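# Fold the following, please.
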Amino acid sequence: MEQKKEYRVGYLGGSITEGAGASCDAATYRSRVTAWLQDTNPQLRVKEINAGIGGTGSSLGVCRMDHDLLWANPDLVFVEFAVNDDSMEETLCLRSVEGIVRKLLAHNPEVHIVFLYTITKSYMDRFYHKGVLPDAVKLHQRVAEYYGIPSINVGLALYEYLQRTGAAVTEYLPDTVHPNDRGYELYAKTIQQIFPSIQFSIQKPIAPLTPGVYEQACLLPAEALAQGAWKVGDRDMMGRFESFIACDTAGAELTVPFTGTLIGIYWTIEQDSGVIEYSIDGGPVRRQSAWDHYALSFSRACSIILDTHLEEGTHQLVIRIAGEKDAQSNGRWIRIGAFLVCP
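Numbers count the residues shown, from 1 in each chain. A predicted model of the protein is given here:
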């Protein structure tokens, strides 16, 4: 740090990194850690890059890195996805998490990376009460150990604190997932206690740990694919992406040519979202809703993975607006900002 004038710290993760549950941004673990780094390094200007998006895991994270993080050329990156990767299929998780690491190292071989593991009451009940780590944490840790990446289990620190004091989970995680200010303070203090002792000596293996790792994963903007009833929107995609295409016409099709083994959609879930029918390379038609019960309370951007087992090469995705919709949805709108691909 001493030789730099500016030190850029990236935070890549889900809603806990974004700061859900905090009374203000300054109360999040992210802002507290940034402020601490600034206070302990007054000769530097510490710049924060908030790349947290609620309700998203590492599969979107690895695809959006160029758009949301790498443009800032971070010197240090905290990666926090273990909670949102809870139900992710093992291979997809490993390919995504390792892809994040390899993309960071390809961009800057000297970058410092720290994995963060947070906690939920479900994690406490299913794992920590039994003396074992959550499955997603184990998968992330497998990648961390392969590359010599340090990890900080702030969730375990909170769990042990609750066990010592007898405090209720909801005193720190009011909704059993997202910390309040007290929870974020404990997370930040744990990082501040451990970070100074970390010796960054990351290994850079040539061979990846996971076959098919998503180190070339990226976002394919949808705007250029507007066709027929699919029109470019008149605003950005909830601040997450510069543009999107939208359609609510039942039966309207969208053809998406792409190259790679992975295909997914970066879209919005809103009160008036509908259902798509889709097929890849003329295969079976499947369905996916862009609405869920959370849309009754708030709209958000998120992603869905459609297929992870494609052969290398070019493919064609065809999407059609279904005539049916969820009973509580107000419409059939599908709004797509980009597609997740891995060439």
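
# Test my guess that residue 119 contacts residue 155.
Yes. Applying C-beta atoms under 8 Å as the test, residue 119 and residue 155 come out as touching, 2.7 Å apart. Glycine gets a C-beta too; all of them are placed from N, C-alpha and C.

# so what's in contact with the two at the same time?
Among the neighbours of residue 119, those also in contact with residue 155 (C-beta atoms under 8 Å, 6 or more residues apart in numbering) are 83, 128.

# which of those two has more neighbours?
residue 119 (30 against 27; other C-beta atoms under 10 Å).

# Which secondary structure element is home to that one?
Using DSSP states H and E, residue 119 is not contained in any helix or strand.

# Tell me who's in contact with it.
83, 128, 154, 155, 156, 158, 159, 173.

# Compile the residues you listed into JSON lines and extend it with columns for distance to residue 47, secondary structure and pLDDT.
Formatted as JSON lines, these follow (distance: C-beta to C-beta, whole Å; DSSP: H, G, I helix; E, B strand; the rest coil; pLDDT from 0 to 100):
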{"residue": "83", "distance to residue 47": "26", "secondary structure": "coil", "pLDDT": "96"}
{"residue": "128", "distance to residue 47": "35", "secondary structure": "helix", "pLDDT": "98"}
{"residue": "154", "distance to residue 47": "23", "secondary structure": "helix", "pLDDT": "98"}
{"residue": "155", "distance to residue 47": "27", "secondary structure": "helix", "pLDDT": "98"}
{"residue": "156", "distance to residue 47": "29", "secondary structure": "helix", "pLDDT": "98"}
{"residue": "158", "distance to residue 47": "28", "secondary structure": "helix", "pLDDT": "98"}
{"residue": "159", "distance to residue 47": "32", "secondary structure": "helix", "pLDDT": "98"}
{"residue": "173", "distance to residue 47": "29", "secondary structure": "coil", "pLDDT": "98"}
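
# need those residues in a markdown table with distance to residue 231, can you?
Output for these, formatted as a markdown table (distance: C-beta to C-beta, whole Å):
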| residue | distance to residue 231 |
| --- | --- |
| 83 | 36 |
| 128 | 49 |
| 154 | 44 |
| 155 | 44 |
| 156 | 49 |
| 158 | 47 |
| 159 | 49 |
| 173 | 42 |
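
# Looking at these, state which has the most neighbours.
Busiest of the contacts of residue 119 [other C-beta under 10 Å] is residue 155, holding 27 neighbours.

# doesn't residue 121 make contact with that one?
No. Judged on C-beta under 8 Å, residue 155 makes no contact with residue 121 at a distance of 10.8 Å.

# give me phi/psi at residue 42?
Torsion angles at residue 42 (phi, psi; degrees, to the nearest 10) stand at phi -60, psi -20.

# so how far is residue 120 from it?
Per C-beta to C-beta, to the nearest Å, residue 42 is found 37 Å from residue 120.

# what do you get for residue 152?
In terms of C-beta to C-beta, residue 152 sits 17 Å off from residue 120.
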